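> With the input below, show me the fold.
(chains A and B)
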Amino acid sequence: MSVTTRFAPSPTGFLHVGGARTALFCYLQARSAAGKFILRIEDTDLERSSEESVQAILDGMRWLALDYDEGPYYQTHRFDRYAEVTRQLLAERRAYHCYCSKDRLEVMREQQMQQGLKPRYDGFCRERQDIPADIKPVVRFRNPDAGDVSWDDAVRGQISISNSELDDLVIARPDGSPTYNFTVVVDDVDMAVSLVIRGDDHINNTPRQINIYRALGADLPQFAHVPMILGDDGARLSKRHGAVGVMQYRDDGYLPEALLNYLVRLGWSHGDQEVFSRAEMIEHFDIRDVNRKAAAFDTQKLDWLNQHYMRTMPAAEVAEHLRWHFDHQGLDPQQGPALADLVSVQAERVKTLREMAEVSAVFYRDFDEFEPGAAKKHLRLVAAEPLQAIHTKLAEIENWQPQQLHEAVQQTAVDLGVNMGKVAQPLRVALTGTSVSPAIDKTLWLTGKPRSLARMDVALKYIEQRGATE
RNA sequence: GCUCCCUUCGUCUAGCGGUCCAGGACGCGGCCCUCUCACGGCUGAAACACGAGUUCGAUUCUCGUAGGGAGCGCCA
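Numbering: from 1, shown residues only, chains lettered A, B, ... in the order given. Next comes the predicted model:
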């Protein structure tokens, strides 16, 4: 039997990493079974839903390349269908009109809580005969009174709850608009969803939904409730933990491959394997292997994976992602080395693409002054000779490649009878204005010949002036 | 308050009754490499929440306790 999964976010914000992980699981489960993956936007709450949020979700899905086979469907486009099913349930007396005021409901809940009971609707309108003319009623689903509801959750195992814990939930508001627990069921039935993967905050909704499936005479799908994601402090992930929206990770310099790999390993594993290509994820992932425990988000591990992907993916591919950050930081890739070359050098030195762009700016535009500490330490009178010597040597190099540049620096040190550091460090400060940069041959290579020689001239002049004032 | 759910190193996890004085990864410490920062190599510290059972034998099964989470809406 083929599998149909669906990701059904409500557009009330960006695509949250927890949601992204759920979407990934849905996607993987469908792909590994050659099934179908549907995207459905649950926008029945007109107050909180927005166009921007829909777009944010679509953008997030696309950035992560979680392509779906159907959709996006919008629940707001299906109101006629929900109304039709509501009428049907009403006609079958599986649902009824309720005229209770919100005030009455609230008072009742408070009293129940005070008595140590779980607040539930008391069924007051179930058999009500009089019909208040001036009140627009809601529609309530008539939940079974007796028995238990249980299901075998694909990640949690057997879960069971007594119907006596449930009450008659509202499925349509006075204006006729449907509510969540009703629309999901209608949609999942209509769309033939066979595997419902969602956050475990929905476990408590599941028995109510199962009762609706039954009232509709529909087959039950399999349910899989995945644990949520916690912040690094163990508390529920929220804005104060920093990035929670998927696109924020793009902005912060993460590759989609890294985020996906990180998310799939959060609560799931395949032996000791840490790195998974998309094909490997599809091959090995099984929703039944997902852990039951909520997992804390660890940015440091994400960083490690991100660097791994920056180093191992084709440099040209990483360069395309890097280009976005260049634009964002106002850097012009035309004014320096090819981005792929930059990636090949910088990937092992930084954790994110944003950081890569930041530390690489010096190869694309001139800096105003030497960093004081670095200049003080390395651009001293004793550095003049090595700098002059390497300048002379470099000026003669035609083939400006790391190999040749390395030999030039090394030979200069040998000629002067000093160690590499005596030549490389002043040179590094001359080229970058700082004492931290890639290996000196790579730094020269990326800086390019004209710019390198020009900056050395500036540094030599700086040393000269400084010597004069000392 | 009530219902449901969860519990292995700081974090993500392996473990599906003996192979575990508990393995891997991130992070952290040390050493090595070294022109800086990194990368890499080697190495170290670090966990079965607690208590009863079941069993010849429990990290693994059962039940309690403690701690944590979620839900109890005319939100999704």
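
> Tell me which other helices or strands the lengthiest helix in chain A touches.
When chain A is parsed with DSSP state H, its longest helix is helix A:449-469. Helix A:449-469 sits against helix A:381-395, helix A:420-432, with contacts defined as 3 or more Cβ pairs under 8 Å, 6 or more residues apart in numbering; DSSP states H and E. C-beta here means a position set from N, CA and C on the backbone, and glycine is covered the same way.

> Quick check: which of those is nearest to RNA strand B?
helix A:420-432 (3.4 Å; Cβ to the nearest atom of the strand).

> where are the low-confidence patches of chain A?
Under the criterion pLDDT under 70, the flagged ranges of chain A are A:1, A:239-240, A:242-243, A:468-470.

> Show me where it has its strands.
Assigned by DSSP state E, chain A shows strands spanning A:4-7, A:36-41, A:70-74, A:95-98, A:138-141, A:148-153, A:157-162, A:170-172, A:195-199, A:222-226, A:229-230, A:295-296.

> so of those, which one's packed in deepest?
strand A:4-7 (a mean of 27; mean count of other Cβ atoms under 10 Å).

> can you put the strands of chain A in JSON lines and add distance to A:E51?
As requested, the strands of chain A are exported to JSON lines (distance: least, Cβ to Cβ, whole Å):
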{"stretch": "strand A:4-7", "distance to A:E51": "19"}
{"stretch": "strand A:36-41", "distance to A:E51": "11"}
{"stretch": "strand A:70-74", "distance to A:E51": "11"}
{"stretch": "strand A:95-98", "distance to A:E51": "32"}
{"stretch": "strand A:138-141", "distance to A:E51": "28"}
{"stretch": "strand A:148-153", "distance to A:E51": "35"}
{"stretch": "strand A:157-162", "distance to A:E51": "37"}
{"stretch": "strand A:170-172", "distance to A:E51": "25"}
{"stretch": "strand A:195-199", "distance to A:E51": "24"}
{"stretch": "strand A:222-226", "distance to A:E51": "28"}
{"stretch": "strand A:229-230", "distance to A:E51": "27"}
{"stretch": "strand A:295-296", "distance to A:E51": "32"}
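
> Looking at those, which is nearest to A:E127?
strand A:95-98 (8.3 Å; Cβ to Cβ).

> so what's the closest residue to A:L58 other than its chain neighbours up against?
Nearest residue to A:L58 in three dimensions, chain neighbours excluded: A:P72, at 7.0 Å (Cβ to Cβ, 6 or more residues apart in numbering). Residues in contact with A:P72 (Cβ atoms under 8 Å, 6 or more residues apart in numbering) are A:39-41, A:54, A:58.

> does stretch A:218-237 come close to RNA strand B?
Yes: with Cβ under 7 Å from any atom of the strand as the criterion, RNA strand B is reached by stretch A:218-237 at A:228, A:230, A:232, A:234-236.

> Which two among those residues are spaced furthest apart?
A:M228 and A:D232 (14.2 Å).

> Show me which of the two is the more surrounded one.
More neighbours surround A:M228 than the other of A:M228 and A:D232, with 17 against 13 (other Cβ atoms under 10 Å).

> what are the phi and psi values for that one?
In terms of degrees, to the nearest 10, the main-chain angles of A:M228 are phi -80, psi 180.

> coming back round to it: quick one: which of the strands of chain A is nearest A:A357?
Among the strands of chain A, strand A:229-230 sits nearest to A:A357 (Cβ to Cβ), with 27.9 Å.

> Which elements pack onto the closest one?
Using 3+ Cβ pairs under 8 Å, 6+ apart: strand A:229-230 touches helix A:17-32, strand A:295-296.

> Next, the contact list for the closest residue to A:E358 other than its chain neighbours, please.
Using Cβ to Cβ, 6+ apart and skipping residues adjacent in sequence, the residue nearest A:E358 is A:Q329, 7.0 Å away. By Cβ under 8 Å, 6+ apart, the contact list for A:Q329 reads A:354, A:357-358, A:361.

> Reformat those residues as CSV; add neighbour count and distance to A:E92.
Shown next, in CSV, are those (neighbours: other Cβ atoms under 10 Å; distance: Cβ to Cβ, whole Å):
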residue, neighbour count, distance to A:E92
A:R354, 19, 58
A:A357, 26, 62
A:E358, 15, 64
A:A361, 16, 69
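
> and the two most separated of the residues you listed?
Checking the contacts of A:Q329 with Cβ to Cβ, the most distant pair is A:R354 and A:A361, at 11.6 Å.

> and the longest helix of chain A, C-alpha only, in CSV?
The C-alpha coordinates for helix A:449-469 follow below in CSV (Å, rounded to 0.1, in the frame of the first residue of the first chain):
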residue,chain,number,x,y,z
LYS,A,449,49.5,40.3,-7.5
PRO,A,450,48.8,44.0,-8.1
ARG,A,451,46.9,44.4,-4.8
SER,A,452,49.4,42.4,-2.9
LEU,A,453,52.4,44.5,-4.1
ALA,A,454,50.5,47.7,-3.5
ARG,A,455,49.6,46.8,0.0
MET,A,456,53.1,45.9,0.8
ASP,A,457,54.2,49.3,-0.4
VAL,A,458,51.8,50.9,2.0
ALA,A,459,53.0,48.7,4.8
LEU,A,460,56.7,49.6,4.1
LYS,A,461,55.8,53.2,4.1
TYR,A,462,54.0,52.8,7.3
ILE,A,463,57.1,51.2,8.9
GLU,A,464,59.3,53.9,7.6
GLN,A,465,57.1,56.7,9.1
ARG,A,466,56.8,54.8,12.3
GLY,A,467,60.5,54.4,12.5
ALA,A,468,60.9,58.1,12.1
THR,A,469,58.7,59.0,15.0
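
> Roughly how far does the residue nearest to A:E358 sit from A:D167?
To A:D167, A:Q329 is 55 Å away according to Cβ to Cβ, to the nearest Å.

> and what of A:L89?
A:L89 is 16 Å from A:D167, by Cβ to Cβ.

> now A:L263, nearest residue through space, not along the chain?
In space, A:L263 is closest to A:R21, 4.3 Å off (Cβ to Cβ, 6+ apart).

> ok, that neighbour touching A:P227?
No: using Cβ atoms under 8 Å, A:R21 is not in contact with A:P227, being 9.8 Å away.

> Report the set of residues contacting both of these two.
Contacts common to A:R21 and A:P227, judged by Cβ under 8 Å, 6+ apart, are A:G267.

> When those two are compared, which one has more neighbours?
A:R21 (27 against 20).

> Quick check: closest non-adjacent residue to A:L220.
Counting by Cβ to Cβ, 6+ apart, the residue nearest A:L220 is A:Y213, at 5.4 Å.

> Near the one you found, how many residues? Count them for me, please.
So A:Y213, with other Cβ under 10 Å, has 16 neighbours.

> for A:S360, same thing?
Using other Cβ under 10 Å: A:S360 sits among 27 other residues.

> list the contacts for it?
Counting by Cβ under 8 Å, 6+ apart, A:S360 makes contact with A:331, A:336, A:342, A:346, A:446.

> now do 7 Å
Residues in contact with A:S360, defined by Cβ atoms under 7 Å, 6 or more residues apart in numbering, are A:342, A:346.

> same deal with A:A389?
A:412, A:415-416.
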